[in-house]
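1. Structure for this input, please:
(chains A, B, C and D)
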Protein chains: 4
Amino acid sequence: MSVILNQNQYGKSRIRLLKVRRTGARHEVFEWMVAIRFEGDFESAHRTGDNSAILPTDTMKNTVYARAAESSATTPEAFGLELARHFQGGNPQASRIEIEVVETPWQRFSDVGGAPHDHAFVCVGPERRLATIGLDRDTAGVWGGLDGLLVMKTTRSAFSGFLRDAYTTLADTDDRIFRTVISAHWSWDAGLKDFEKFTAARRILVDTFAAHDSRSVQATALAMGQAVLDGIPEIREISLSLPNQHCLPVDVARFGLENRNEIFAVTEEPHGLITATIGRG
Amino acid sequence: MSVILNQNQYGKSRIRLLKVRRTGARHEVFEWMVAIRFEGDFESAHRTGDNSAILPTDTMKNTVYARAAESSATTPEAFGLELARHFQGGNPQASRIEIEVVETPWQRFSDVGGAPHDHAFVCVGPERRLATIGLDRDTAGVWGGLDGLLVMKTTRSAFSGFLRDAYTTLADTDDRIFRTVISAHWSWDAGLKDFEKFTAARRILVDTFAAHDSRSVQATALAMGQAVLDGIPEIREISLSLPNQHCLPVDVARFGLENRNEIFAVTEEPHGLITATIGRG
Amino acid sequence: MSVILNQNQYGKSRIRLLKVRRTGARHEVFEWMVAIRFEGDFESAHRTGDNSAILPTDTMKNTVYARAAESSATTPEAFGLELARHFQGGNPQASRIEIEVVETPWQRFSDVGGAPHDHAFVCVGPERRLATIGLDRDTAGVWGGLDGLLVMKTTRSAFSGFLRDAYTTLADTDDRIFRTVISAHWSWDAGLKDFEKFTAARRILVDTFAAHDSRSVQATALAMGQAVLDGIPEIREISLSLPNQHCLPVDVARFGLENRNEIFAVTEEPHGLITATIGRG
Amino acid sequence: MSVILNQNQYGKSRIRLLKVRRTGARHEVFEWMVAIRFEGDFESAHRTGDNSAILPTDTMKNTVYARAAESSATTPEAFGLELARHFQGGNPQASRIEIEVVETPWQRFSDVGGAPHDHAFVCVGPERRLATIGLDRDTAGVWGGLDGLLVMKTTRSAFSGFLRDAYTTLADTDDRIFRTVISAHWSWDAGLKDFEKFTAARRILVDTFAAHDSRSVQATALAMGQAVLDGIPEIREISLSLPNQHCLPVDVARFGLENRNEIFAVTEEPHGLITATIGRG
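-> This next block holds a predicted model:
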């Protein structure tokens, strides 16, 4: 039987790079985990085992380290773009090149007295900064974002007036815990070179989460996305993924105690999951 | 500024169900982890906090348990389809309903002497069986598959004649370890009701992995996909994702010993990643 | 202020070794993850930065690979013992050497027709075989065991007649699901050279779990331990750790359905945890 | 054959509690994951299935929530002690009660302008604060600590002059990356009621890590422990566990570039592991 290769991609994942920039005694660090994927005409490798069009994934790994040595990039987006353009130059057989960069957040120590330390750093948070580059023959797309940002608000979150059917047992609530792990991805304007507004975008996300009077996760998701689009003109569209990590009120009245909405069981599964992609009107 | 809700979805993830079917002394078990997602006109929830079109994700969870009590489904595909159709019936506001079911593989104990045990089971493998259902207003898609299937072959795997550039240091090899975690997803024919050919499809995947004289992961991926399409007429298309978990030969000659291609360091990162989708010609 | 170094240990963890033994076309594989720890007089390293007594952990890693190339060991216990004795020979400053070996369970493929395959293998289960060696100057201890063995029985498990206090809400039950991840460690007789009875010990553990009419996890733990000691004279003592992964009956009567003890929500946290160490009387 | 129950313990693990203290508009949050273990005369449960001495682990879970509702504890140590004493009061059959509390680090949001937010919080770091209580009939031990604190220094770390054998290939280095995940446990003075010096102890650990001119992980471990004992009189003894997450210099000279000690491959396995327990002289 004849078969068709409808899609194919190959590359290297989880290339972990630490770069130390040493300017005198003061060091800067960048930790990036890189994934590279090539899409294109690799049919002869699949069909006949002819590898002449295949740049080895081991070479991709070497390239990450070699280019990092020469690069002056300070954001994952800029480094990813450099890598993508390098690969595009030498691999016309690849019609599309995708690069993902995950940044580990290192924060400089403060000495006693508050002075920043020259060369000691601490990892702050499970949170990660993300960048994705998609380079086609004619166009480049650059996405920024973050994930793993665990936040919680202990009031100003309600959920009521929802649809009910025969299996609905949930009661309306006007005051619940809202706990989520923010995952956000946004597309930067074409041609942008400076991706430092990441910090401002992140700030808007958490401030809006805190300030919003939430009637649902859906409503807060839209508010967060809208606030980012309002505040950062360089962002064209934003996607949010907000799991709802339920904190279940414990009925301590069973034990002769007053229920004061203070005691909760934390759960991770099952969890709600709300996603939304918001663009400019 | 006005914004557009380009995409939105919500649902419940990681609903973990164990069903015990008791026919006399002999029990059967099904363990399924279910995720449910609704897509559709939920704009008023996002825009105004009007939840009247939102079936709570808590109700989705209850529905999984209630429908499981009534269902006679024995495959994750069949149970997922029942759930999707149930939700579609009561939720015209949802234009698309997606269900994912992950099955934990329980195997019945064999007593001493080989007799199957009535009610004791062991979990075999990190491997999981998967089913995905996508139900639009007019069409239903059903996908089967598996992931987490860790396999290895210790010869009959080569990689040579590849493209080289300034950063290439990899040597040609005609005998390497091929170790991968098979992830496969395929689309079942529309209208199919019986998904028992999963077992045959899985068998073809592992047999082809074992038998194929591999000149690259790409070539083996195509061979595996083609063999499944050849052997199972009810499968229309198959996607494979094969990480290349490198087993690096250790140079024991440094320690005065002969290199006999027997000693390897196992690594999980970085790893190659090859994906392909294969359809009928 | 003067301080005392009450305890110190150092070593290398997660050294991952794959060994392929090639006898003609038929291959055998052993995958072992090794951890090594030295205890002893390393005070000068701690106090003054004098590293002259410190064998680098990088050398420990090299040693694992070099010794594996020469070894004929086929069990993790035997390989661990060889390593421990090698290190003891060259490091009199180490008063105690501990080796841990975790074995990944690879099973040979069966070809169609049932013939065992020469060189293709599949990983069966999250289960791992374990060995620990403790080598003091005069004595050697060798422990075998396993963990990650997920099992379940769907009847013959009760829990009733327990102590109650003001916070007790649990009802007596005479028929619950018993689901646990067996972790077992046992001490082999001093001087034992052949550790192949692992297979028999594992078999006794699962058979006893299946057959025991359980009045509590505690009672089943003792029964399992006693059965191993009864069946394997070479084992002196056995420790069991049995988490109780609760499968909670779902009250489907809330949805107008009959409760038939068939539908359960699977949970991993919180979980009970029962441990017991059983020796010969 | 008669067997002896040499050791036994049972309890509940991973009880996850969120407590919100609401004083007007300003909320405080405490997230604790609690494990409880009873040791004692539970032989009849093991031997005969008599559960009359067994307080169910489900009751232990209820107790955590009920006591949290009444408690004014603000540290994991204080809450753990309250729990242990409560259980001791009602369970004379338990000769030893152990409580472990793992605290998730929630930090209050700062509004724009720096004002602390009333009710929104972010989780900072994979780091966790720990407390362990061991309550025997006559004595109580309370341990504090932390783990998951990932830190790195990019200079002032050397390793040279070490022992060499036939398998040693490591070169001396006078400038390497030192990256570790600090895990520290210390015993608080008997009778201590206020455990707020955790913050000072943590500060000393990271400051000493940063400041120490490291000739080995061993030397830094001792320096860190000694500094804590010097600075916090209420701590009697401290144990440190420091994995050495190797950052391997990449030889970019292979690619025609200058090696400037700036580019590193980050690895998590294999890793060194250094542990030390330091007491007062």
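2. which residues in chain A form strands?
-> Applying DSSP state E to chain A gives strands spanning A:3-23, A:26-40, A:94-103, A:106-110, A:116-123, A:128-136, A:140-153, A:178-188, A:235-244, A:247-249, A:263-266, A:271-280.
3. A:Trp188 - how many residues pack around it?
-> Using other Cβ atoms under 10 Å in any protein chain shown, A:Trp188 has 23 neighbouring residues. C-beta coordinates here come from the backbone N, C-alpha and C atoms, glycine included.
4. Could you do A:Asp213 as well?
-> A:Asp213: 12 neighbours (other Cβ under 10 Å).
5. Surely it touches A:Asp174?
-> No - applying Cβ atoms under 8 Å as the test, A:Asp213 and A:Asp174 come out as separate, 10.9 Å apart.
6. so what sits against both of the two?
-> Counting by Cβ atoms under 8 Å, 6 or more residues apart in numbering or on different chains, A:Asp213 and A:Asp174 have no common neighbour.
7. Where does pLDDT dip in chain A?
-> For chain A, the stretches with pLDDT under 70 are A:112.
8. Got the domain ranges for it?
-> Domain ranges of chain A: A:9-138, A:145-281, per automatic domain parsing.
9. Adding distance to B:Arg37, write these out as a markdown table.
-> Converted to a markdown table, the domains of chain A look like this (distance: least, Cβ to Cβ, whole Å):
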| stretch | distance to B:Arg37 |
| --- | --- |
| domain A:9-138 | 22 |
| domain A:145-281 | 7 |
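10. Those domains into JSON lines, with extra columns for distance to chain C?
-> Converted to JSON lines, those look like this (distance: least, Cβ to the nearest Cβ, whole Å):
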{"stretch": "domain A:9-138", "distance to chain C": "15"}
{"stretch": "domain A:145-281", "distance to chain C": "6"}
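11. okay, now A:Ser239: neighbour count?
-> A:Ser239, neighbours per other Cβ under 10 Å, totals 20.
12. for it, what are its contacts?
-> By Cβ under 8 Å, 6+ apart, the residues touching A:Ser239 are A:Ala184, A:His185, A:Trp186, A:Thr275, A:Ala276, A:Thr277, A:Ile278, B:Gln7.
13. just A:Leu150 next, same as before
-> A:Gly125, A:Pro126, A:Glu127, A:Arg179, A:Thr180, A:Val181, A:Ile182, D:Val122, D:Cys123.
14. Just give the nearest non-adjacent residue to the second one, would you?
-> Spatial nearest neighbour of A:Pro126, chain neighbours left out: A:Gly148 (4.4 Å); criterion: Cβ to Cβ, 6 or more residues apart in numbering or on different chains.
15. Next one: the one you found from D:Asn51, what distance?
-> Separation of A:Gly148 from D:Asn51 (Cβ to Cβ, to the nearest Å): 43 Å.
16. again with A:Ser239
-> A:Ser239 is 53 Å from D:Asn51, by Cβ to Cβ.
17. is stretch A:193-209 anywhere near chain B?
-> No - Stretch A:193-209 does not reach chain B (Cβ under 8 Å from any Cβ of the partner chain); its nearest approach is 13.1 Å.
18. shouldn't A:Arg137 be in contact with A:Ser95?
-> Yes - using Cβ under 8 Å, A:Arg137 is in contact with A:Ser95, at 6.2 Å.
19. Those two: which has the busier surroundings?
-> Per other Cβ under 10 Å, whichever of A:Arg137 and A:Ser95 has more neighbours is A:Ser95, with 14 against 11.
20. Just list whatever residues bridge to the residue nearest to the more buried one when sequence neighbours are not counted.
-> Among residues not flanking A:Ser95 along the chain, A:Gly40 sits closest, at 4.2 Å (Cβ to Cβ, 6+ apart). Per DSSP bridges, the residues bridged to A:Gly40 are A:Ala94.
21. so how far is A:Leu55 from A:Gly40?
-> A:Gly40 is 11 Å from A:Leu55, by Cβ to Cβ.
22. sorry, back to before: between A:Gly148 and D:Asn51, which one's more packed in?
-> Neighbour count, other Cβ under 10 Å: between A:Gly148 and D:Asn51, D:Asn51 has more, with 22 against 17.
23. Verify the contact between the more buried one and C:Arg164 for me.
-> No - using Cβ under 8 Å, D:Asn51 is not in contact with C:Arg164, being 10.6 Å away.
24. correct me, but A:Pro249 touches A:Ile263?
-> Yes - taking Cβ under 8 Å as the definition, A:Pro249 is a contact partner of A:Ile263 at 7.1 Å.
25. Pick out whichever of these two has more residues nearby.
-> Remark: of A:Pro249 and A:Ile263, A:Ile263 carries more neighbours, 24 against 17, as counted by other Cβ under 10 Å.
26. any idea how far D:Ala78 is from that one?
-> 17 Å.
27. can you pull up the bridge partners for the residue most central in space within chain A?
-> Residue closest to the mean C-alpha point of chain A, counted by Cα atoms, centre = their mean, is A:Leu146 at 3.0 Å. Counting by DSSP bridges, A:Leu146 forms beta bridges with A:Arg129, A:Ala184.
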